[in-house]
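Chemist: The amino acid sequence is not available; the structure is as follows:
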């Protein structure tokens with residue numbers, strides 16, 4: 001059974017946490033003691049309504065204020081598929097949390113309050129979905145019960161968002177009217193929305209195709225650990241452990257080691273202690289090579305005939321996630337997969353205006369939640385692909401050298 005990782009995003013009070021609670025509740029994924037606990041805490045208990053948002057708002061401050069602050073992860077399954085959900089905050093000051101949750105997701109559900117239509121945070125989260133190259137986007141127009149399930153209001157929002165999606169180049173965008181609070185169009189089709197001919201949300205999530213999201217053409221394997229047992233019976237053992245980012249690896253393949261560029265051949269591949277003739281993307285393996293090559297954590301093993309870029313200077317779109325501003329000349333650690341190198345920000349080329357999508361050229365600095373394009377120079381070569389071409393090897397993070405806090409999420413161009 002495969003796993004769909006998705007994130008819910010949108011503005012404040014659009015109903016993200018309630019939607020997740022509804023999915024868990026209607027799919028019978030809530031334990032009895034959990035249900036009893038939220039029934040006791042629900043503000044609308046006298047009216048017989050359960051506050052489903054309490055299932056994801058785990059922090060005390062979240063429950064007291066009725067908002068989501070941190071990214072909450074929830075898990076549930078149906079007979080067709082398993083799901084990992086990230087509930088992202090809607091406030092502008094927590095946009096960085098949305099980036100964190102979306103970076104590992106294959107699908108984004110962008111909620112829109114039917115009463116308010118497309119607002120600034122809708123655009124901001126849509127830009128992030130575009131920058132992160134999410135393969136699938138579902139636009140859920142929520143709170144239809146508060147606009148009398150109006151088809152005209154739904155159509156107007158659909159037309160407005162289609163302009164946003166087109167300008168950002170979003171892929172595979174689907175639209176659905178729902179009421180997370182009442183359960184309309186969540187698990188079952190709603191009679192109150194009988195003018196909508198599409199399927200309910202859960203059916204859509206169960207059937208979205210994920211096979212095409214895995215790139216099997218470009219072989220990328222980042223070494224996480226060099227296994228060299230210091231025991232007599234395994235004195236010749238040398239294996240390189242890690243996860244295959246993309247592509248297919250076979251015994252006998254000619255490969256190059258980056259950044260050194262040394263070429264060799266795959267002697268054997270192990271999975272869970274057993275030798276296999278081949279392995280493919282998203283499997284964790286141990287690779288053995290014919291030659292004793294100098295390899296360390298962070299090096300990349302790639303096919304000779306399809307190598308990534310190997311550069312010390314490149315451009316990247318960055319979502320700035322730190323309270324301290326980013327200014328040209330600042331130095332950070334840059335991490336791509338398991339490789340960490342020192343880097344410097346040479347220039348901020350532009351800041352993206354989330355309302356107009358205009359590029360404000362050469363700003364002096366970037367502040368928290370700004371989306372910017374920068375030029376980065378690294379102390380040693382980095383092997384990468386364009387994020388648009390292969391997001392698994394085009395993403396990176398900037399880390400503060402002093403505090404070791406992640407301060408920027410990078411999409412390498």
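Modeler: That came through, no problem. Fair warning: this is a prediction, and the values are worked out from it, not measured in the lab.

Chemist: Helices of the stretch 151-300 of the chain, start to end?
Modeler: Under the criterion DSSP state H, counting those that start in this stretch, the stretch 151-300 of the chain contains helices at 151-168, 201-207.

Chemist: Tabulate the ones you listed in TSV, adding columns for mean neighbour count, distance to residue 263 and mean pLDDT.
Modeler: The C-beta positions use only the backbone N, C-alpha and C, and glycine is treated the same way. Putting the helices of the stretch 151-300 of the chain into TSV (neighbours: other CB atoms under 10 Å; distance: least, CB to CB, whole Å; pLDDT from 0 to 100) gives the following:
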stretch	mean neighbour count	distance to residue 263	mean pLDDT
helix 151-168	15	41	93
helix 201-207	18	44	92
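
Chemist: what would the ones you listed look like in TSV with distance to residue 341?
Modeler: Shown next, in TSV, are these (distance: least, CB to CB, whole Å):
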stretch	distance to residue 341
helix 151-168	31
helix 201-207	38
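
Chemist: Residue 367 is nearest to which of those helices?
Modeler: Of all those, helix 151-168 sits nearest to residue 367, with 22.5 Å by CB to CB.

Chemist: how far does the closest one sit from the chain's center?
Modeler: 24 Å (CA atoms, centre = their mean, to the nearest Å).

Chemist: Next: stretch 402-413.
Modeler: Taking mean C-alpha positions (CA atoms, centre = their mean), stretch 402-413 and its chain are 15 Å apart.

Chemist: Return the helix or strand in the chain with minimum mean pLDDT.
Modeler: When the helices and strands of the chain are scored by mean pLDDT, DSSP states H and E, helix 60-65 comes last with a mean of 42.

Chemist: what's the following helix or strand after that helix?
Modeler: strand 72-77 (DSSP states H and E).

Chemist: Given that following strand, what are its sheet partners and their directions?
Modeler: Strand pairing for strand 72-77, determined by DSSP bridges: strand 82-87 (antiparallel).

Chemist: which other residues reach the partner strand?
Modeler: Contacting residues not belonging to strand 82-87 are listed as 1-8, 16-17, 20, 23, 56, 68, 71-77, 101-102, 104-105, 205 [CB atoms under 8 Å, 6 or more residues apart in numbering].

Chemist: same question, stretch 236-244
Modeler: Looking at what lies outside stretch 236-244 - CB under 8 Å, 6+ apart - the contacts are 219-229, 270, 279-289, 292, 295, 301, 338.

Chemist: can you count the residues close to the spatially closest residue to residue 324 that is not a sequence neighbour?
Modeler: Spatial nearest neighbour of residue 324, excluding adjacent residues (CB to CB, 6 or more residues apart in numbering): residue 407 at 7.5 Å. Taking other CB atoms under 10 Å as the criterion, the count of residues near residue 407 is 21.

Chemist: Secondary structure of residue 407: a helix, I assume?
Modeler: No: counting by DSSP: H, G, I helix; E, B strand; the rest coil, residue 407 is not part of a helix but strand.

Chemist: measure it to residue 340 for me?
Modeler: 14 Å (CB to CB, to the nearest Å).

Chemist: Residue 186 now?
Modeler: Taking CB to CB, one finds residue 186 at 43 Å from residue 340.

Chemist: For stretch 404-413, which residues meet the burial criterion?
Modeler: Buried residues in stretch 404-413, counted by 16 or more other CB atoms under 10 Å: 406-412.

Chemist: And the helices in the stretch 1-150 of the chain?
Modeler: Using DSSP H, counting those that start in this stretch, helices in the stretch 1-150 of the chain cover 16-26, 32-41, 60-65, 95-102, 120-131.

Chemist: If I average pLDDT within each of these, which one is lowest?
Modeler: For the helices of the stretch 1-150 of the chain, mean pLDDT drops lowest on helix 60-65, to a mean of 42.

Chemist: what are the ranges of the strands in the stretch 251-400 of the chain?
Modeler: Secondary structure of the stretch 251-400 of the chain by DSSP state E, counting those that start in this stretch: the strands cover 254-258, 262-271, 274-276, 278-280, 284-289, 300-303, 309-320, 331-336, 339-352, 359-361, 371-384, 395-400.

Chemist: Can you add mean neighbour count and mean pLDDT and give those strands back as CSV?
Modeler: Output for the strands of the stretch 251-400 of the chain, formatted as CSV (neighbours: other CB atoms under 10 Å; pLDDT from 0 to 100):
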stretch, mean neighbour count, mean pLDDT
strand 254-258, 20, 96
strand 262-271, 16, 95
strand 274-276, 11, 93
strand 278-280, 17, 94
strand 284-289, 18, 95
strand 300-303, 24, 96
strand 309-320, 19, 94
strand 331-336, 20, 95
strand 339-352, 18, 94
strand 359-361, 12, 89
strand 371-384, 20, 95
strand 395-400, 22, 92
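
Chemist: Tabulate those in TSV, adding columns for distance to residue 190.
Modeler: Formatted as TSV, the strands of the stretch 251-400 of the chain follow (distance: least, CB to CB, whole Å):
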stretch	distance to residue 190
strand 254-258	53
strand 262-271	46
strand 274-276	48
strand 278-280	41
strand 284-289	43
strand 300-303	50
strand 309-320	36
strand 331-336	45
strand 339-352	37
strand 359-361	42
strand 371-384	36
strand 395-400	38
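
Chemist: which stretch among these comes nearest residue 180?
Modeler: So among those, strand 309-320 is nearest, using CB to CB, at 27.0 Å.
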